[in-house]
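*Asks:* Fold the stuff below for me.
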Amino acid sequence: MPLSQSVPMVRCHLDGGEDDPPRALRYVPLAEFELWRHHMESRHHRHVTVDEVSVWIAEDSARWSSLGDVEALQPVLRVRFRARGNTGVPVPVERFLPAETYPEAQEALLSHYDEQPPHGLQATPGYFVPSASNSLVEHAVLTA
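*Replies:* Numbers count the residues shown, from 1 in each chain. Reported below is the predicted structural model:
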């Protein structure tokens, strides 16, 4: 599995606001999590609670036999596209959206951008691997 197919990830949720837990669920790459949390808490006044830190892996049917308990995997789509930045220069955008709320979450995400549909929109199916499935996490990390 190439390095780009395994992403260290934080599963968390936003406290307050919505009474619908699936809508409050977020998957944020670990590399940008602290900046994202600061933004959510300081600008949007939403407290962030970390549920778990693990990895996201792209769906690859050739690897399922070596993953073990696939029932533990949580479906999450990686959405990528390019959006026009403030200066007009294309900026890459990458977000991870729970499959359970994907249509609604994608619509909310795209509503932040003027260009509809955004250039190069791709959705890659994958899974958040719960850390309780240590063999799955180790496999995802070691084969990246």
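*Asks:* ok so residue 35 is a helix residue?
*Replies:* Yes - according to DSSP: H, G, I helix; E, B strand; the rest coil, residue 35 belongs to a helix.
*Asks:* how far away is it from residue 29?
*Replies:* 10 Å (Cβ to Cβ, to the nearest Å). C-beta: built from backbone N, CA, C; applies to glycine.
*Asks:* Those two - which one has more neighbours?
*Replies:* residue 29 (16 against 10; other Cβ atoms under 10 Å).
*Asks:* now residue 131: how far from residue 29?
*Replies:* 16 Å.
*Asks:* Report the contact partners of residue 81.
*Replies:* 92, 93, 117, 118, 119, 120, 121, 122 (Cβ atoms under 8 Å, 6 or more residues apart in numbering).
*Asks:* dump the residue contacts of residue 95.
*Replies:* 78, 79, 109.
*Asks:* How about the first one, nearest residue that isn't a chain neighbour?
*Replies:* With sequence-adjacent residues excluded and distances taken as Cβ to Cβ, 6 or more residues apart in numbering, residue 78 is closest to residue 124, at 4.4 Å.
*Asks:* Just the element for the closest residue to residue 30 other than its chain neighbours, please.
*Replies:* Of all residues not flanking residue 30 in the chain, residue 8 sits nearest, at 3.9 Å (Cβ to Cβ, 6+ apart). Per DSSP states H and E, residue 8 falls inside strand 6-15.
*Asks:* Now that strand: average pLDDT?
*Replies:* Averaging pLDDT along strand 6-15 gives 93.
*Asks:* Could you list the buried residues of that strand?
*Replies:* Going by neighbour count (16 or more other Cβ atoms under 10 Å), the buried part of strand 6-15 is 6, 7, 8, 9, 10, 11, 12, 13, 14.
*Asks:* With stretch 100-112 instead?
*Replies:* Quick answer for stretch 100-112 (16+ other Cβ under 10 Å): 102, 105, 106, 110.
*Asks:* Identify those among these that sit within strands.
*Replies:* Among the buried residues of stretch 100-112, no residue falls in strands (DSSP state E).
*Asks:* returning to what we had before: give the contact list for the residue nearest to residue 78.
*Replies:* Counting by Cβ under 8 Å, 6+ apart, residue 124 touches 58, 59, 77, 78, 79, 80.
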